[in-house]
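K.L.:
coords below, sequence missing:
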């Protein structure tokens, strides 16, 4: 967007130069219409370079030359300085499935696909972006899932895993909820 703003400034300067140079020319097109069109176009281009949109279900994180600002944007259209960027963080419910190979307490290999529904905290999206970045799933969620599932599976024998699935699921969910809330991620 900064490129559009720079282009708008250059067109504005060209329009002003045309106005001053055209005073000596008797052609009405070069004297009034063309410079006026260039001025209007440059102003419109400058305004467009300041428009940012945040889609529904996202939080807009405002950065100035890479520094995260203390403001966030809700879904909609917003105006900000042309040198500011808006990074959209998805705060909707998200689903991830992780295929894992675990061992039970009696050293039986178990293949499992663990599915988790999660979302980032809307009010703390800025903190997540500042401390972790946009790839928060790969950095914090996926490793925590693997750790929690493997540690809980190791507490049960292979036979108990079949009979106590709901308790196992609850134990994993509570462990993940505790670990991920420290990173402003809500397990659903």
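P.N.:
That came through fine. Keep in mind that this is a model prediction, so the values were computed, not measured.
K.L.:
before we move on, which element is residue 63 in?
P.N.:
Using DSSP states H and E, residue 63 sits within strand 58-64.
K.L.:
contact partners of that strand?
P.N.:
52, 54, 68-69, 71-75, 78, 80-81, 83-92, 122, 125-126, 129 (CB atoms under 8 Å, 6 or more residues apart in numbering). (Each C-beta comes from the backbone N, C-alpha and C, glycine too.)
K.L.:
for PyMOL, write the select line for the buried members of those.
P.N.:
A single PyMOL command selects the buried members of the contacts of strand 58-64 (16 or more other CB atoms under 10 Å):
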select buried, resi 52+54+68+72+73+78+80+84+85+86+87+88+89+91+122+125+126+129
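K.L.:
in helices, which of the contacts of strand 58-64 fall?
P.N.:
125, 126, 129 (DSSP state H).
K.L.:
closest to residue 170 among those residues?
P.N.:
Nearest to residue 170, judged by CB to CB, of the ones in helices among the contacts of strand 58-64 is residue 125 at 28.2 Å.
K.L.:
ok, the closest one - contacts?
P.N.:
59, 61, 72, 89, 91, 184.
K.L.:
can you list these in TSV and add distance to residue 144 and pLDDT?
P.N.:
Putting the contacts of residue 125 into TSV (distance: CB to CB, whole Å; pLDDT from 0 to 100) gives the following:
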residue	distance to residue 144	pLDDT
59	22	94
61	23	95
72	25	90
89	19	94
91	19	91
184	13	90
